[in-house]
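Colleague: Sequence plus the predicted model coming up.
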Amino acid sequence: MRHVSTLRAAVPVAIVLGVVCRSMAAHPAPFPALPVHGESGPAVEGERRPYTRGDAARGREVYRYETFGNEGFWTDALRLPQGIIAERITPLGLLELGMHINIERVEEGLRKDITAQFKTDLSKENAPLLHDPEVTIKLIEANAVIGFAAKDVDGDGKIDLRGKDKMGITCALCHTVADGSVYQMPGNRGAVGKSLDGLGTYSLDVGSIIATGLNSRAHYPNFQLELGGQTIGRAPRGIRRDSSEAEVDAYLRNKDYYPRGTFDETNDGVGNAVQTTPLFRQDLADPYGTAAEFERLEDLSNASYTQNFDPTSLVTPPGRTFLLLRAGPHGKELADNYEAILKETGVTGYPFVQVTETGLPPGRSTSPTGRRVDAGKLADMAAYLADLPIPQGADVDPAAAARGKQVFVSQRCIDCHEIDPQKHLPYMLVDLATLWPAYKPEVLGYRMPPFAPLANSPGQYDDKLIVVDASDRSARRGIPPPFLVDLARKPFFLHDASVPTMEALFDPRRGSQQPHPFYVEDSAGRADLITFLKGLGGPGVKPPPK
């Protein structure tokens, strides 16, 4: 794994908000140590925040199709549908991007024809529709491309993306796959079939999708940037305010910098793309976010809609306050650069996402940029995601799985992980020093309490937590244990997608200083543990094969 920080100052940069002495820097109190009970996992302690439950049936529509107006950003700012048209992306090209197609949304005649053509050798001669970029547009306009939401903006009763209508993004993009009943492109790519909500879209090439937009610079805050002469992330150089569209696209399409199956979800200028995650039984999954930065599911969802799906909110006065609180002078530089880019590229009328609440305190997890979308729809989606049952595990050898369970218990995996996927995840954060023996953070700057100092260690494992963490509620800088579900289908492990297989994850040859260095020395025991983990599941959908 690699982490490059170029143009790095010999002395840490002082990031000071107001007057904060080093002796006054906030040191977040840790979560309590959690006792282990029986053969299940850590006891659940700490104060959970109840979610607001709405109507799950309405929530499915919110999850799959609601944009809250972000089609303005994706069509008028980033200009993604225009790029899809200009690049003449075909249906096979969509699958190559790792996207999924819901065959049930396709008009009957076209559905029959493309289903038949997917059964051929996929050549232009035998599958002309699959090589036709006009079919791609028809699929998007039919809302058959999962995660793309086409909107009848002009209200004429039909959708025409070459006219005045627009296309936005929904939560389903990163958390829904097709079951492959019509076609599964090999090599961790997209599929065609019925929608399976909640499964992580590990095939998705988010970087290349953003690069397809004619103005990919519009997503500037979520890139690895050069700020204050520094850059942090996988790439040797960061994106600058004056980086060209071609330079930005080259960064986004480079899978060493922006791996497939990941999304850079933080508006912090750090290159820290993290893996997409499953969204099942979210009533059991708090705290939320890679760094446990959200206590409530509605707050995580609100931040996704008001920031990641439309980052232009960051150049509003409350958005600027948020960046200043989180990143100090670098936050101001980010906002200034972004506003200049929007002006240079002719983006106006932002922010695009339509909210029902404004003027809220910025910088808080409940309203990072001082805005919230419709509370009723957030509650509806929370209910839907709470009701999505845990997916089934893989079909495994019962005897090997039983032996693997004993390995899981004897190796003390239960100190952090819940063995029963249908129980609450442990309400805890595992600090970075425990997870990563090589963690040697250097203070980059200080923030107003309760925020912990900005800190960075050589290596990439902590990059997601340099700026974004849970210290605003006095929690330690660490990572919450994830659901152990749908593991047989995963093409990578750890939040930064840095380990390619479970075999590598548990093999001591990976090294004692590597992240999550919890190994099984015996190869037979290691194989049994992997079998056990692959078999973990619940009563929900059967994930498609890897």
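Modeller: Nice, thanks for sending it over.

Colleague: Correct me if wrong: residue 62 contacts residue 379.
Modeller: No: look at residue 62 against residue 379 with Cβ atoms under 8 Å: they stay out of range, at 9.5 Å. (C-beta placed from N, C-alpha, C; glycine too.)

Colleague: Comparing those two, which shows the higher neighbour count?
Modeller: Taking neighbours as other Cβ atoms under 10 Å, residue 62 and residue 379 compare with residue 62 leading, 27 against 21.

Colleague: what about the more buried one, which helix or strand?
Modeller: Element membership for residue 62 (DSSP states H and E) is helix 56-65.

Colleague: For that helix, enumerate the helices and strands it packs against.
Modeller: With contacts defined as 3 or more Cβ pairs under 8 Å, 6 or more residues apart in numbering; DSSP states H and E, helix 56-65 has these neighbours: strand 195-197, helix 375-387.

Colleague: what lines up beside the shortest one in the sheet?
Modeller: To tie it back to what came earlier, the one meant is strand 195-197. Note on strand 195-197: by DSSP bridges, its sheet partners are strand 176-178 (antiparallel).

Colleague: Which strands border the next helix or strand after the strand it pairs with, and is each parallel or antiparallel?
Modeller: Beyond strand 176-178 on the C-terminal side, the first helix or strand identified by DSSP H and E is strand 183-184. Applying DSSP bridges to the sheet, strand 183-184 is found paired with strand 191-193 (antiparallel).

Colleague: So what's the gap between the strand it pairs with and the chain middle?
Modeller: 21 Å (Cα atoms, centre = their mean, to the nearest Å).

Colleague: what does the helix holding residue 62 contact?
Modeller: Contacting residues not belonging to helix 56-65 are listed as 143, 146, 149, 170-172, 176, 195, 197, 377-387 [Cβ atoms under 8 Å, 6 or more residues apart in numbering].

Colleague: ok, 6 Å please
Modeller: Outside helix 56-65, the residues that touch it by Cβ atoms under 6 Å, 6 or more residues apart in numbering are 149, 170, 171, 172, 377, 380, 381, 383, 384, 387.

Colleague: what does the following helix or strand past that helix rub up against?
Modeller: Once the chain leaves helix 56-65, the next helix or strand it forms, by DSSP H and E, is helix 71. Residues outside helix 71 that contact it (Cβ under 6 Å, 6+ apart) are 151, 166, 167, 168.

Colleague: Closest to residue 81 out of those residues?
Modeller: Using Cβ to Cβ, residue 167 comes nearest to residue 81 of those, at 4.6 Å.

Colleague: Just list whatever residues bridge to the closest one.
Modeller: Beta-bridge pairing of residue 167 under DSSP bridges involves residue 150.

Colleague: now stretch 362-370: how far from the chain's centre is it?
Modeller: 19 Å.

Colleague: What's the end-to-end length of that stretch?
Modeller: This stretch, stretch 362-370, spans 4 Å end to end (Cα to Cα, to the nearest Å).

Colleague: Any buried residues in it, and which?
Modeller: Buried positions in stretch 362-370, judged by neighbour count with 16 or more other Cβ atoms under 10 Å: 362, 363, 365, 366, 367, 368, 369, 370.

Colleague: Would you convert those into a markdown table that also reports secondary structure?
Modeller: As requested, those are exported to a markdown table (DSSP: H, G, I helix; E, B strand; the rest coil):
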| residue | secondary structure |
| --- | --- |
| 362 | coil |
| 363 | coil |
| 365 | coil |
| 366 | coil |
| 367 | strand |
| 368 | coil |
| 369 | coil |
| 370 | coil |
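
Colleague: Output those residues in TSV, with pLDDT and distance to residue 85 appended to each entry.
Modeller: Shown next, in TSV, are the buried residues of stretch 362-370 (pLDDT from 0 to 100; distance: Cβ to Cβ, whole Å):
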residue	pLDDT	distance to residue 85
362	95	37
363	92	39
365	92	38
366	94	39
367	96	36
368	96	33
369	97	31
370	97	35
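
Colleague: between these, which is closest to residue 530?
Modeller: Closest to residue 530, out of all of the buried residues of stretch 362-370 and judged by Cβ to Cβ, is residue 365, at 35.7 Å.

Colleague: For the closest one, list the residues it contacts.
Modeller: Residues in contact with residue 365, defined by Cβ under 6 Å, 6+ apart, are 294, 299.

Colleague: phi, psi of it?
Modeller: Dihedral angles of residue 365 (phi, psi; degrees, to the nearest 10) stand at phi -60, psi -20.
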